[in-house]
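Visitor: Show me the folded form of this:
(chains A and B)
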Protein chains: 2
Amino acid sequence: MEQPFAEYLDDFTRRDWQTLDPEDVSAPVRIAVVGLGWFAREWALPGIARSAFTDATVVTDVDAEAVETVAAERDVHGVSPEELRAGSVADEYDAVYVATPNATHLEYVTAAAEQGKAVLCEKPLEATLDRARRLVSACRDAGVPLMVGYRMQTDPAVRRLRDLVRAGVAGDVIHVHATMSQTMLGELGSDHDQWRLDAQLSGGSAVMDLGVYPLNTIRFVLGTDPVRVSGRTRTEHEAFADVDEHAMYRLEFPGGVDAMCTVSQNAQHASRLEITGTDARLILDPAFYEREDRGFALDRGGTRIDVDFEQVHQLEEEFAYFGHQLLAEEPFSPDGDHALTDMEALDGIYESAETREPVALSGELPD
Amino acid sequence: MEQPFAEYLDDFTRRDWQTLDPEDVSAPVRIAVVGLGWFAREWALPGIARSAFTDATVVTDVDAEAVETVAAERDVHGVSPEELRAGSVADEYDAVYVATPNATHLEYVTAAAEQGKAVLCEKPLEATLDRARRLVSACRDAGVPLMVGYRMQTDPAVRRLRDLVRAGVAGDVIHVHATMSQTMLGELGSDHDQWRLDAQLSGGSAVMDLGVYPLNTIRFVLGTDPVRVSGRTRTEHEAFADVDEHAMYRLEFPGGVDAMCTVSQNAQHASRLEITGTDARLILDPAFYEREDRGFALDRGGTRIDVDFEQVHQLEEEFAYFGHQLLAEEPFSPDGDHALTDMEALDGIYESAETREPVALSGELPD
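Guide: Predicted coordinates:
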């Protein structure tokens, strides 16, 4: 760290991407929210409202009752999915946020792209790698900017962790552990989100729904992409008959760095990322859930520094970044191509679970 | 836990294996210590002295100067390795503790067995699986009892962790993470222990020297043995040209439970075991080094219990158990066969690192 330590602390939650002054923004980006599951209602809509760079103006969902409720609650225009896709109210929004079941991202993103709207699509990008590629192509062909909803990447704790790793504080990274689990059946608020147990709609469960967090966060913090993956999935509880209930996967990064990851939809809550380097160990625990207070620890030569800080609203940060980049006419950092790398890795993990063989990803292979 | 919680705490460091009263022991087991590296001098000899059931009476090493120094310091009989193997002073000891380089365990254990002495051999049992099998056979053929020096198994924190897991406090175990690393080059006290960098003498480094701890401790706590292993090793620093500097391995237990392990001889200190089950998460951190204060945490539904306790001397516990079982004429729990299972797994991890394929171990395979 070049800067003095005290200044580093003052600056901890800074938005290192922000160049516009919110006070100068007269017209925030108007967002149509597609999909009103618990995450959109509990986290995304509040995040959009808190962010100075965004406003929700339109909402839609296949559940007409949810549309009516949210439209009234938030004083926004509720429309049907057909109306949204047809562009009936396209003059009421500048961008579309897609938070529907994974396998329906493509249709909504394609419609938004054809309307010339900027897109923020939830991760994982789609239910299959092929459909994810078509989604990215649709945006590219239409010339609309596509951001993918990796909320960890705009979280200050994660950004500072990345800063430390990239500044060499950990030395050479030797290995990484990550674990993320929850008791999903107990936490599913309503039947509305049961699509997560339907392989056709979700593309998978433990790996797709949880695995994407350790995978993407490790990529982001290390600043590099895996060259080989292996994995194994298993299911015991009947609710997961169609999908993977538990999974482990290993990511092999250039230089031979291994990340050992476990995820489960039916285990006691765990949420931890741990990076061991030659010079220090960096621990983010809790790590991955939007509702958790994040902070990290740096352990070096027996001295441990715990960094706690005033917590941000993760979705406010994500939507502020989305709106800011559009207003500033700057590109998105977690874009479609970035998300396709995750989709290739997730696809490789499932393939490895079938074949019991490691799967090489595009990119250079180490010996 | 059947017993009331307060009693559980009072009982935390109890020796659940102890039936003899130390005050009734008039003649402790007399031990010949073979190999006077830093571990024997700093930990084993003090442990033997502290334990009420053991006394060191003879010491030997290939380093005559070390023998002379330790013999004077501890007022014991120093002999040459040749004298020890020849049984010249066999009437001065009842048991032999072997803490020499891995590849020399066989010769000393065989000599002790031929003298009819009980053996406590350090782990890993030998440098190769084949030699380890011969070592176990030598003791079996001679009818002498063989214990293997898994100091974690007589540590109260580890025993209580096992009690909790076996009592079902974690529910079904879903997955396990373990990591153990050190900056070995900085921590090697003297050239005396440089055999750890010599593949012929050690059989390997990160996996053999460190990997055996997570492997054996997980086996002990779960009460089950891996059915399949995979692993990868790598070396960067020239000091490790002959051996594995870093390694990761995965242990697959019956029922599909995966343990994700990383070890390194050249990374920042790490020492952690984490078990995630359907009902609770159990965390032993720090876990594996003899010099660490152990304790564990139990995390369940957002409530975390940290168990700290008056620390024991790990080697006192180990030698007390060794001496006690001999005096009580009870069998050893970490015996030769138990250690051979580790040797098969370690061998399988190295094989997998070569072939890039998982290696099935003896025992039933899942699906």
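Visitor: What residues does the closest residue to residue A:43 other than its chain neighbours make contact with?
Guide: Using C-beta to C-beta, 6 or more residues apart in numbering or on different chains and skipping the chain neighbours, the partner closest in space to residue A:43 is residue A:315 (4.6 Å). Bear in mind the C-beta positions are built from the backbone N, C-alpha and C, glycine included. Applying C-beta atoms under 8 Å, 6 or more residues apart in numbering or on different chains, we find residue A:315 in contact with A:43, A:44, A:46, A:47, A:48, A:50, A:151, A:290.
Visitor: so which strand or helix has whichever residue of chain A sits closest to chain B?
Guide: Closest residue of chain A to chain B, C-beta to the nearest C-beta: residue A:260 (3.7 Å). Using DSSP states H and E, residue A:260 sits in strand A:257-264.
Visitor: Could you list the residues in contact with that strand?
Guide: A:173-182, A:206-207, A:210-211, A:214-215, A:218, A:222, A:226, A:245-253, A:270, B:174-175, B:177, B:232, B:248, B:250, B:258, B:260-262, B:276.
Visitor: If I look at the closest residue to residue A:113 other than its chain neighbours, what pLDDT would I see?
Guide: Closest residue to residue A:113 apart from its sequence neighbours, by C-beta to C-beta, 6+ apart: residue A:142 at 3.8 Å. The score at residue A:142 is 98. That number is its pLDDT.
Visitor: neighbours around residue A:142, how many?
Guide: Using other C-beta atoms under 10 Å in any protein chain shown, the number of residues around residue A:142 comes to 17.
Visitor: residues contacting it?
Guide: Counting by C-beta under 8 Å, 6+ apart, residue A:142 touches A:113, A:114, A:116.
Visitor: same deal with residue A:324?
Guide: Taking C-beta under 8 Å, 6+ apart as the test, what residue A:324 contacts is A:15, A:17, A:18, A:19, A:20, A:53, A:330.
Visitor: From residue A:313, how far off is the closest residue to the fifth one other than its chain neighbours?
Guide: I take that to be residue A:20. Computed as C-beta to C-beta, 6+ apart, the closest residue to residue A:20 that is not its neighbour in sequence is residue A:328, at 5.4 Å. Counting by C-beta to C-beta, to the nearest Å, the gap from residue A:328 to residue A:313 is 21 Å.
Visitor: Look at those two and report which has more neighbours.
Guide: For residue A:328 versus residue A:313, neighbours defined as other C-beta under 10 Å are more numerous around residue A:313 (17 against 14).
Visitor: shouldn't the more buried one be in contact with residue A:47?
Guide: Yes - look at residue A:313 against residue A:47 with C-beta atoms under 8 Å: they come within range, at 5.9 Å.
Visitor: centroid residue for chain A?
Guide: Central residue of chain A (C-alpha atoms, centre = their mean): residue A:150, 2.5 Å from the mean position.
Visitor: ok, whichever helix or strand residue A:161 is part of near chain B or not?
Guide: When elements are assigned from DSSP H and E, residue A:161 belongs to helix A:156-166. No - residues of helix A:156-166 contacting chain B under C-beta under 8 Å from any C-beta of the partner chain: none, with a closest distance of 12.9 Å.
Visitor: For that helix, buried residues please.
Guide: A:156, A:157, A:158, A:159, A:160, A:161, A:162, A:164, A:165 (16 or more other C-beta atoms under 10 Å in any protein chain shown).
Visitor: Remind me what it packs against, helices and strands.
Guide: Counting contacts by 3 or more C-beta pairs under 8 Å, 6 or more residues apart in numbering or on different chains; DSSP states H and E, helix A:156-166 is packed against helix A:212-222, strand A:266-277, strand A:281-284, strand A:296-300.
Visitor: do the following helix or strand past it and chain B meet?
Guide: Toward the C-terminus, helix A:156-166 is succeeded by strand A:173-183 as the next helix or strand (DSSP H and E). Yes - judged by C-beta under 8 Å from any C-beta, strand A:173-183 comes into contact with chain B at A:174, A:175, A:177, A:179, A:181, A:183.
Visitor: Counting by contacts, list what strand A:173-183 packs against.
Guide: helix A:212-222, strand A:257-264, strand A:266-277, strand B:173-183, strand B:246-253, strand B:257-264, strand B:266-277.
Visitor: what's next to the helix or strand following the first one, contact-wise?
Guide: Tracing the chain past helix A:212-222, the next element assigned as helix or strand by DSSP H and E is strand A:228-234. When contacts are taken as C-beta under 8 Å, 6+ apart, the neighbours of strand A:228-234 outside the stretch itself are A:204, A:206-207, A:244-252, A:345, A:348-350, A:352-353, A:356-361, A:365, B:230, B:252, B:256, B:258.
Visitor: Try it again at 6 Å.
Guide: A:244, A:246-252, A:345, A:348-349, A:352-353, A:358-360, B:256 (C-beta atoms under 6 Å, 6 or more residues apart in numbering or on different chains).
Visitor: Excluding sequence neighbours, find me the nearest residue to the residue of chain A closest to chain B.
Guide: Per C-beta to C-beta, 6+ apart, closest to residue A:260 is residue B:260, 3.7 Å.
Visitor: So what's the residue count around the one you found?
Guide: By other C-beta under 10 Å, the residues close to residue B:260 number 27.
Visitor: So which elements touch the longest helix along chain A?
Guide: Looking across chain A with DSSP state H, the single longest helix is helix A:336-355. Packing contacts for helix A:336-355, counted by 3 or more C-beta pairs under 6 Å, 6 or more residues apart in numbering or on different chains; DSSP states H and E, involve helix A:129-142, helix A:212-222, strand A:228-234, strand A:359-360.
Visitor: out of these, which comes closest to residue B:321?
Guide: Comparison of those against residue B:321 by C-beta to C-beta identifies strand A:228-234 as nearest, at 36.7 Å.
Visitor: Residue A:267 is in contact with residue A:184, correct?
Guide: No - Residue A:184 is beyond contact range of residue A:267, at 9.5 Å (criterion: C-beta atoms under 6 Å).
Visitor: Between the two, point out the one with more neighbours.
Guide: Comparing residue A:184 with residue A:267 by other C-beta under 10 Å, the one with more neighbours is residue A:267, at 29 against 22.
Visitor: Run through the residues that contact that one.
Guide: A:181, B:174, B:276, B:278.
Visitor: Contact partners for residue A:103?
Guide: By C-beta under 6 Å, 6+ apart, the neighbours of residue A:103 are A:127, A:201.
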